[in-house]
Every structure is written in structure tokens, then in C-alpha cells.
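J.: here's my sequence, what's the structure:
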Amino acid sequence: MNPAEIRATAIAILLSIAPEVEATALRDDRPLRRQVDLDSMDWLNFLLGLNGRFGVEIPEADYVKLVTLGDVVDYLARRMR
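T.: Numbers count the residues shown, from 1 in each chain. Alright, predicted model coming up:
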């Protein structure tokens, strides 16, 4: 899966949790939680959704590495190699 496909899938998972999000307005370089105003439970559900869809285990210690949408895409791309 290429980065564009990973990004699109991550956004789809995000929209399933927060359908009010305007996907076209999301920036890859800004903190994702601030862009979409996710609380900690929604953020956890997003990370669990990524795990379920991509089959990539995301250890809790790595949560702090996933700040921006770009971080999420890069992290998943590296783990799926």
C-alpha cells in the first residue's frame, strides 16, 4: 500500500469516528487531534481502527510519535514493509 492509500484509509477511519470532519481541510503537518478536536477516547478508537485495518500493532509507547497525519502515514508505511 502506498502513502496516498494509507492516508486515504486513515482519513476514512477518522471519518467513521468523527463524521463532521472536513477531510479536504486536513493538513499532514499539523497536529491531527487539534485539527479535528478528538478527545482521548476518540483518539484511542482511531489508533485501534488503524490497527484493525492495517494489521499493524501500535504499542502505547509509540502513541506520542503519532501527532500529525503525516506521522501516522509514515509510521504505518514503515511498519507495513
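
J.: OK, contacts around residue 77?
T.: Counting by C-beta atoms under 8 Å, 6 or more residues apart in numbering, residue 77 touches 1, 3, 6. Just so you know, the C-beta spots here come from the backbone N, C-alpha and C atoms, and that holds for glycine as well.

J.: buried subset of those as a ChimeraX selection?
T.: The command below creates a ChimeraX selection of those among the contacts of residue 77 that count as buried (16 or more other C-beta atoms under 10 Å):
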select :6
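
J.: looking at the contacts of residue 77, which are in helices?
T.: With helices defined by DSSP state H, the entries of these inside them are 3, 6.

J.: so which of the contacts of residue 77 comes closest to residue 70?
T.: Within the set of the contacts of residue 77, residue 3 lies nearest residue 70; the separation is 9.1 Å, counting by C-beta to C-beta.

J.: that closest one reaches residue 70, doesn't it?
T.: No: in this structure, residue 3 sits apart from residue 70 without contact. The criterion is C-beta atoms under 8 Å, and the distance is 9.1 Å.

J.: can you count the residues close to residue 69?
T.: Residue crowding around residue 69 was assessed by other C-beta atoms under 10 Å; the count is 21.

J.: what's the neighbour count on the residue lying closest to it once chain neighbours are set aside?
T.: Counting by C-beta to C-beta, 6 or more residues apart in numbering, residue 69 lies nearest to residue 28, which is 4.7 Å off, once chain neighbours are set aside. A total of 14 residues lie near residue 28 under the criterion other C-beta under 10 Å.

J.: tell me the contacts of residue 28?
T.: Contacts of residue 28 (C-beta under 8 Å, 6+ apart): 7, 68-70, 73.

J.: in three-state terms, label it for me.
T.: The three-state label given to residue 28 by DSSP: H, G, I helix; E, B strand; the rest coil is coil.

J.: not counting its own residues, what contacts the lowest-mean-pLDDT helix or strand in the chain?
T.: Scoring the helices and strands of the chain by mean pLDDT, DSSP states H and E places helix 32-36 at the bottom, with a mean of 92. The contact list for helix 32-36, computed with C-beta under 8 Å, 6+ apart, reads 14, 18, 21, 25-27, 38, 43, 66-69, 72.
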